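Student: After the sequence you'll find the predicted model.
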2 protein chains.
Amino acid sequence: MSFFPASLETLIDKFASLPGIGRKSAQRLAFHVLSLPEGEAESFANAILDAKANVCTCRICHNLTENEICSICASDRRDRSTVCVVAEPRDVLSIERSREYNGLYHVLHGVLSPIGRIGPDDLRIAELIKRVADEDSEISEVIMATNPDTEGDATAMYISRLLKPFDVKVTRLAYGIPVGSNLEFADDATLLRAIEGRIEM
Amino acid sequence: MSFFPASLETLIDKFASLPGIGRKSAQRLAFHVLSLPEGEAESFANAILDAKANVCTCRICHNLTENEICSICASDRRDRSTVCVVAEPRDVLSIERSREYNGLYHVLHGVLSPIGRIGPDDLRIAELIKRVADEDSEISEVIMATNPDTEGDATAMYISRLLKPFDVKVTRLAYGIPVGSNLEFADDATLLRAIEGRIEM
């Protein structure tokens, strides 16, 4: 059943194909775009084309960039002895926001997932090993910062085994109770990890 | 703080400007668009441009259409004696889905809102009065189908007063308990309306 003009239906379909956007939300978004001034709708369309055309992955760390090498890898203010391994480009943003980390990154572009049929060759794991194995490598520590779930843990474990033969320290982010939260609402798995990882005061 | 390439930031900003899309959702949507195959991202952009360029409002009922007159107004199978007044084009879809109504529509493109500074001149109210007042008009009933909230009710009331001088019946949708729901969870206002509007069995 289609009660909308064809080009509007097409736009609704496009929005509905985005992750987390249902049919009703897609309708609302499409109506909003229709109500935009001429120039703004055009600049929305151009933003899609521009991003698609200009954004590529950094040759070294595979983070998103518009250049051959991303601004973090190119910076001479970053500590080149540490590499933080994350699953997705957005995780780089999360860690940068903490302002605590000053090393480099390596973006895997996913995690191992037998159900999703994503194996080691689908991720940028070989590239990480090559970075560490490189003769001129200054890397002394690799921090695994995949998500603390089954797939993220399995990916971190897999990579840490591959890194065993090399002379690098492999660490992972601490698990525990989030700052500002409440013991009462912490789940069992988190509490278990928090107790295991307790430190002396 | 911007850690993403400029063109990606722009795309995230565009998504974040849509209603109901926060910063995190906008990031997820932008990353999704980046991960689309070349042709699909392009067709998304084109869908925006096409819809914006082709969709206009029907000269008679102001519903969205790609032609001068929408398919409902142009159809010879619709009952031309009844006009259903709705706030937004999406409301037409809702009523059509019920498959109960076979008359025409009139889309106001909003409701009266003193807070939002939307007055009668911002809506297609004058056009509705003109339709009813027209010498060749076959309209014998106007059904007010604005949302059952304060602004929708006020808009319906306002229009019904304007229609008083004309020889048309003005009705509104019935208020009451939604079919399939539970008395226990019905709010007071709805129950009040349901009791007021009770009918003989």
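Tutor: On my side now, so go ahead.
Student: relative to helix B:38-54, how tilted is the helix ranked longest in chain A?
Tutor: Secondary structure of chain A per DSSP state H: the longest helix is helix A:38-54. For helix A:38-54 against helix B:38-54, the angle between stretch directions is 170 degrees (axes from the mean of the first three to the mean of the last three C-alpha atoms, to 10 degrees).
Student: List the strands paired with whichever helix or strand comes after helix A:38-54, with their directions.
Tutor: Toward the C-terminal end, the helix or strand that comes next after helix A:38-54 (DSSP states H and E) is strand A:56-57. If you go by DSSP bridges, strand A:56-57 pairs up with strand A:64-65 (antiparallel).
Student: Provide the contact partners of the longest helix of chain A at residue level.
Tutor: Contacts made with helix A:38-54 from outside it, assessed by C-beta atoms under 8 Å, 6 or more residues apart in numbering or on different chains, are listed as A:33-34, A:36, A:66, B:5, B:7-8, B:10-11, B:13-14, B:30, B:33-34, B:36, B:38, B:41-42, B:44-46, B:48-49, B:52. In short, each C-beta sits where N, CA and C put it, glycine included.
Student: ditto for stretch A:108-125
Tutor: Around stretch A:108-125, the neighbours that count as contacts under C-beta under 8 Å, 6+ apart are A:57, A:62, A:85-89, A:106-107, A:126, A:128, A:146-147, A:151-152, A:154-155, A:158-159, A:162.
Student: Restricted to helices, list those residues.
Tutor: Using DSSP H, A:89, A:126, A:128, A:151-152, A:154-155, A:158-159, A:162 are the members of the contacts of stretch A:108-125 that sit in helices.
Student: In PyMOL, how would I select the buried members of those residues?
Tutor: Selecting only the buried entries of the ones in helices among the contacts of stretch A:108-125 in PyMOL, with 16 or more other C-beta atoms under 10 Å in any protein chain shown as the criterion:
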select buried, chain A and resi 89+128+151+152+155+159
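Student: For the ones in helices among the contacts of stretch A:108-125, give me TSV that also has pLDDT.
Tutor: Supplementary listing: the ones in helices among the contacts of stretch A:108-125 in TSV, determined by pLDDT from 0 to 100:
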residue	pLDDT
A:P89	89
A:A126	95
A:L128	95
A:E151	91
A:G152	90
A:A154	93
A:T155	94
A:Y158	95
A:I159	95
A:L162	94
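Student: Pick the one among the ones in helices among the contacts of stretch A:108-125 closest to A:I177.
Tutor: For A:I177, the nearest member of the ones in helices among the contacts of stretch A:108-125 is A:G152. The distance, counting by C-beta to C-beta, is 18.5 Å.
Student: any idea how far A:S113 is from that closest one?
Tutor: According to C-beta to C-beta, to the nearest Å, A:G152 stands 10 Å off from A:S113.
Student: now swap in A:H62 and tell me
Tutor: Applying C-beta to C-beta, the value for A:H62 to A:S113 is 18 Å.
Student: next one: A:F15
Tutor: Look at A:F15 and A:S113: by C-beta to C-beta, they are 27 Å apart.
Student: So which of these two has more stuff around it?
Tutor: Just comparing A:F15 and A:S113: by other C-beta atoms under 10 Å in any protein chain shown the higher neighbour count belongs to A:F15, 23 against 15.
Student: need the contact list for that one.
Tutor: Residues in contact with A:F15 (C-beta under 8 Å, 6+ apart) are A:21, A:25-26, A:29-30.
Student: same deal with A:A156?
Tutor: Counting by C-beta under 8 Å, 6+ apart, the residues that A:A156 touches are A:85, A:144, A:146, A:172.
Student: Identify the residues contacting the spatially closest residue to the last one that is not a sequence neighbour.
Tutor: If you skip the residues right next to it in sequence, A:R172 has A:M144 as its closest partner in space, 4.2 Å away by C-beta to C-beta, 6 or more residues apart in numbering or on different chains. For A:M144, the set of contacting residues under the criterion of C-beta under 8 Å, 6+ apart consists of A:85, A:156, A:159-160, A:170-173.
Student: A:G22 now?
Tutor: For A:G22, the contacting residues are A:A16, taking C-beta under 8 Å, 6+ apart as the criterion.
Student: And for A:A6?
Tutor: Contact criterion C-beta under 8 Å, 6+ apart gives B:E66 as the residues in contact with A:A6.
Student: Model confidence score at it, please.
Tutor: For A:A6, the model assigns a pLDDT of 89.
Student: give me phi/psi at it?
Tutor: phi -50, psi -40 (degrees, to the nearest 10).
Student: What separation is there between the residue nearest to A:L104 when sequence neighbours are not counted and chain B?
Tutor: What sits nearest to A:L104 in space, not counting adjacent residues and going by C-beta to C-beta, 6+ apart, is A:V83, at 5.1 Å. In this structure, A:V83 and chain B are 17 Å apart, going by C-beta to the nearest C-beta, to the nearest Å.
Student: what sits opposite A:V83 in the beta ladder?
Tutor: So, taking DSSP bridges as the rule, A:V83 has A:L104, A:V142 as bridge partners.
Student: my guess is it contacts A:V107, does it?
Tutor: No: the pair A:V83 and A:V107 does not pass the contact test of C-beta atoms under 8 Å, sitting 10.7 Å apart.
Student: all strands for chain A, in order.
Tutor: A:56-57, A:64-65, A:82-86, A:104-107, A:141-144, A:169-172 (DSSP state E).
Student: could these go into TSV alongside mean pLDDT?
Tutor: Putting the strands of chain A into TSV (pLDDT from 0 to 100) gives the following:
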stretch	mean pLDDT
strand A:56-57	92
strand A:64-65	92
strand A:82-86	94
strand A:104-107	95
strand A:141-144	92
strand A:169-172	90
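Student: what about A:V83, how many neighbours?
Tutor: Residue crowding around A:V83 was assessed by other C-beta under 10 Å; the count is 24.
Student: scratch that, A:I177 is what I was asking about
Tutor: Counted with other C-beta under 10 Å, the neighbours of A:I177 add up to 15.
Student: who's in contact with it?
Tutor: When the contact criterion is C-beta under 8 Å, 6+ apart, the partners of A:I177 are A:183, A:186, A:190-191, A:194.
Student: Repeat that for A:Y105.
Tutor: With C-beta under 8 Å, 6+ apart, A:Y105 has these contacts: A:61, A:63, A:72, A:83-86, A:92, A:95.
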